[in-house]
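**Student:** Could you work out the structure for the sequence below:
(chains A and B)
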Amino acid sequence: MTNLIRILKNSWKNFSRNIWLSVATLFMMFAALSTIGGLTLFNASLDAFVSGLKDKVDVSVYFAQEAAENEILSVKSTLENREDIKTVRYISENEAYDIFTSRHADNSVLLESLQELDQNPLQASLNIRVHNPDQFEDVVIFLENSSASSIIDTINFRENQKVIESISMIATNVNKAGFLFTLILAGLVIFVTFNTIRLAIYTSRDEVHIMKLVGASNWFARAPFVITGAIYGFLSGLVVILFTFLGTWLLHSQVSLIFADINFYGYFIQNFWSFTFIILFSGIGMGAVSSYLAVRRYLKV
Amino acid sequence: MLIFQEVTRSYPPDTTALDNASFEIKAGEFVSLVGRSGAGKSTILRLLLREEQPSAGKVFFQGIDIGTFNNKELPLYRRKVASIFQDYKLLSSKNVFENVAFAMEAAGRTNKEIFEDVPAALDVVGLSGKEARFPHELSGGEKQRVAIARALVQRPEILAADEPTGNLDPVYTWDIANLLLKINGLGTAVILATHDEMVINAIKRRVIALHDGKIISDQQKGTYKIK
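**Tutor:** Residues are numbered from 1 along each chain as shown, chains lettered A, B, ... in the order given. Predicted coordinates for the structure are as follows:
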């Protein structure tokens, strides 16, 4: 316990008595952790973009005029039991009529010709959304081979298949590119942090040597540097969190104007604790591990 | 207590810093190592502190080959063999008190012991009242006294002094030489590597002379004679 207190005291002295070196290291770690914070927000916005894209994709199943409502609702409940289905919305003939008339309210010619008809020409339909656009094909094959196929008139999947596949491919590629980008940048951040800490410890290499010569164990000589590294990570992490809060809050309205699906500030507030954990954990972890590795070479005395 | 047994230290490609050196130092002895630069004096001290390992031969401390010490045993050994250097080797970010206390902290001594021993050691070396100063605020002589105080609180069996007066003027040189004799008087063996002819001739203790890595003489009450 006494040793632990001594190590903590020595760590704090390391930090406070080399204040300019500490400030320079903090600045570099702030830059590195800001990149991690930026990556977290970038991935969140990428997720929002991809899921927004996927949400725009749906397939409608149109039923024959003679199909009874309870038969259609039975198909709906069968579909809802499938795991790949996200939502199924029933649009009756009357609702379809209302939607059509409100959508074409300014086209009087079209509305007048609709009124000329004896009966509602629009069909009842089920509007289907799945978790992943790749799953549409399975759902459509299921419907085409089920007993409900006799009351189904058309499914607009085949017509839209190419568009759906393109959107699905874009979503997958955007995710892959985002992952690769994150990986490269994270590697760069680790590299920069390690070298920053290594430079900071390089200035103390003689001190490590002296500590060893007066009989300090490897642990006693190394621990203050590791804890100082963790302090760098913790303090720069706190500053990054504060700046992210202010940044997302100040830019909130401007970003929302350009990208409707992206709400950095909302994401930050909603995920405050996990964001804080990621930043502090990365900062403390990178600072401590980099220090641990950087001191190692000077302990060989 | 300390035995160098046919110790050779060579560096590639063909430099031999110490060549087949053998000698024994008893507990409480005062031994000076003399010789020109590159004669092998500092190499002996580095081997003693196990900063380096012999290329051939062995160094025994209290009957144990120091080359066999592992990472846990080495710090315990170094607490018994204190060292002072020409360049003082003080921790620049620590003040005088902390520099001296560090050796005791590293040895796991209690705060009570530290607050008793450190002021006493600083008093012995004449630095009472300068506890809060940092190394850059001290003169060369004062820095060397801090290093001696640090060695003192270790209560070592051996004090290895590598050119401790090399950077000091004659007044400080005598101060340091007297302190080393005082420490030796307390029972600590002192091994002093030096160029300082005046000091060697004045203290009249055992002198081991080296030339090109070889021991050329070993006199019990020697004077400064080199090739």
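**Student:** Let me know whether A:Leu280 touches A:Phe234 as I believe.
**Tutor:** Yes: using Cβ atoms under 8 Å, A:Leu280 is in contact with A:Phe234, at 6.3 Å. Placement of C-beta: from N, CA and C, glycine included.
**Student:** Quick one: residues contacting B:Lys143.
**Tutor:** If you count contacts by Cβ atoms under 8 Å, 6 or more residues apart in numbering or on different chains, B:Lys143 has them with B:88, B:90, B:135.
**Student:** in terms of contact, does the last one touch B:Glu98 like I think?
**Tutor:** Meaning B:Pro135. No: with contact defined as Cβ under 8 Å, B:Pro135 does not reach B:Glu98; the gap is 10.5 Å.
**Student:** So which bits of the stretch 1-150 of chain A are right by chain B?
**Tutor:** By Cβ under 8 Å from any Cβ of the partner chain, the part of the stretch 1-150 of chain A that sits against chain B consists of A:2-3, A:6, A:13-14, A:17-18.
**Student:** at 10 Å instead, please
**Tutor:** Within the stretch 1-150 of chain A, the positions near chain B by Cβ under 10 Å from any Cβ of the partner chain are A:2-3, A:5-7, A:9-10, A:13-14, A:16-18.
**Student:** Including pLDDT, neighbour count and secondary structure, could those go into a markdown table?
**Tutor:** Listed next are those as a markdown table, based on pLDDT from 0 to 100; neighbours: other Cβ atoms under 10 Å in any protein chain shown; DSSP: H, G, I helix; E, B strand; the rest coil:
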| residue | pLDDT | neighbour count | secondary structure |
| --- | --- | --- | --- |
| A:Thr2 | 74 | 11 | helix |
| A:Asn3 | 77 | 14 | helix |
| A:Ile5 | 86 | 10 | helix |
| A:Arg6 | 85 | 20 | helix |
| A:Ile7 | 85 | 19 | helix |
| A:Lys9 | 86 | 13 | helix |
| A:Asn10 | 83 | 24 | helix |
| A:Lys13 | 85 | 17 | helix |
| A:Asn14 | 81 | 23 | helix |
| A:Ser16 | 86 | 12 | helix |
| A:Arg17 | 84 | 14 | helix |
| A:Asn18 | 82 | 18 | coil |
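**Student:** What segments of chain A are strands?
**Tutor:** Secondary structure of chain A (DSSP state E): strands located at A:59-63, A:85-91, A:125-130, A:152-155.
**Student:** out of those strands, nearest to B:Ser128?
**Tutor:** Ranking the strands of chain A by proximity to B:Ser128 (Cβ to Cβ) places strand A:85-91 first, at 80.6 Å.
**Student:** what are the pairing partners of the closest one, and which direction each?
**Tutor:** Its sheet considered, strand A:85-91 pairs with strand A:125-130 (antiparallel) by DSSP bridges.
**Student:** related to what we said a few turns ago, can you check which residues contact both of B:Pro135 and B:Glu98?
**Tutor:** Counting by Cβ atoms under 10 Å, 6 or more residues apart in numbering or on different chains, the common neighbours of B:Pro135 and B:Glu98 are B:90-91.
**Student:** Just give the number of residues close to B:Ile64.
**Tutor:** The local packing of B:Ile64 (other Cβ atoms under 10 Å in any protein chain shown) involves 12 other residues.
**Student:** just checking, it touches B:Tyr77?
**Tutor:** Yes: at 8.5 Å, B:Ile64 and B:Tyr77 qualify as touching, with contact defined as Cβ atoms under 10 Å.
**Student:** if we can go back for a sec, any chance of the residues of the stretch 1-150 of chain A next to chain B in CSV, with distance to A:Tyr90 too?
**Tutor:** Formatted as CSV, the residues of the stretch 1-150 of chain A next to chain B follow (distance: Cβ to Cβ, whole Å):
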residue, distance to A:Tyr90
A:Thr2, 74
A:Asn3, 72
A:Ile5, 70
A:Arg6, 73
A:Ile7, 68
A:Lys9, 71
A:Asn10, 71
A:Lys13, 72
A:Asn14, 69
A:Ser16, 69
A:Arg17, 73
A:Asn18, 70
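**Student:** among those residues, which two are most distant?
**Tutor:** A:Thr2 and A:Asn18 (24.6 Å).
**Student:** how about the nearest residue to A:Val301 once chain neighbours are set aside, what does it touch?
**Tutor:** Distances taken as Cβ to Cβ, 6 or more residues apart in numbering or on different chains put A:Lys212 closest to A:Val301, at 4.3 Å, once the chain neighbours are dropped. By Cβ under 10 Å, 6+ apart, the residues touching A:Lys212 are A:218, A:220-221, A:298-301, B:49, B:51, B:74-75, B:78, B:106.
**Student:** can I assume B:Gly57 sits in a helix?
**Tutor:** No: B:Gly57: not assigned to a helix; according to DSSP: H, G, I helix; E, B strand; the rest coil it is strand.
**Student:** When you compare pLDDT across the contacts of B:Lys143, which one is lowest?
**Tutor:** Ranked by pLDDT, the contacts of B:Lys143 bottom out at B:Tyr88 (88).
**Student:** what about the residue nearest the centre of chain B, which SS state?
**Tutor:** Residue closest to the average C-alpha location in chain B (Cα atoms, centre = their mean): B:Ala160, at 1.6 Å. Three-state assignment for B:Ala160 (three-state DSSP): strand.
**Student:** Show me what it is bridged to.
**Tutor:** According to DSSP bridges, beta-bridge pairing links B:Ala160 with B:Ser83, B:Ile191.
**Student:** Would you check that it makes contact with B:Ile191?
**Tutor:** Yes: B:Ala160 sits in contact with B:Ile191 when judged by Cβ under 10 Å, with a separation of 5.1 Å.
**Student:** Mutual contacts of these two, please.
**Tutor:** B:2, B:33, B:44-45, B:48, B:81, B:83.
**Student:** which ones among the residues you listed are found in helices?
**Tutor:** B:44-45, B:48 (DSSP state H).
**Student:** What ranges in chain B fall below the confidence cut-off?
**Tutor:** B:226-227 (pLDDT under 70).
**Student:** middle-most residue in chain A, spatially?
**Tutor:** Centre-most residue of chain A, counting by Cα atoms, centre = their mean: A:Ala44, 2.8 Å.
**Student:** list the contacts for that one?
**Tutor:** A:262-264, A:266-268, A:270-271, A:275.
**Student:** repeat for B:Leu76
**Tutor:** Applying Cβ under 10 Å, 6+ apart, the residues contacting B:Leu76 are A:215, A:217, B:69, B:107.
**Student:** ok so, going back, so can I have JSON lines of the ones in helices among the shared contacts of B:Ala160 and B:Ile191 showing neighbour count and distance to chain A?
**Tutor:** Formatted as JSON lines, those follow (neighbours: other Cβ atoms under 10 Å in any protein chain shown; distance: Cβ to the nearest Cβ, whole Å):
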{"residue": "B:Ile44", "neighbour count": "28", "distance to chain A": "16"}
{"residue": "B:Leu45", "neighbour count": "22", "distance to chain A": "11"}
{"residue": "B:Leu48", "neighbour count": "21", "distance to chain A": "11"}
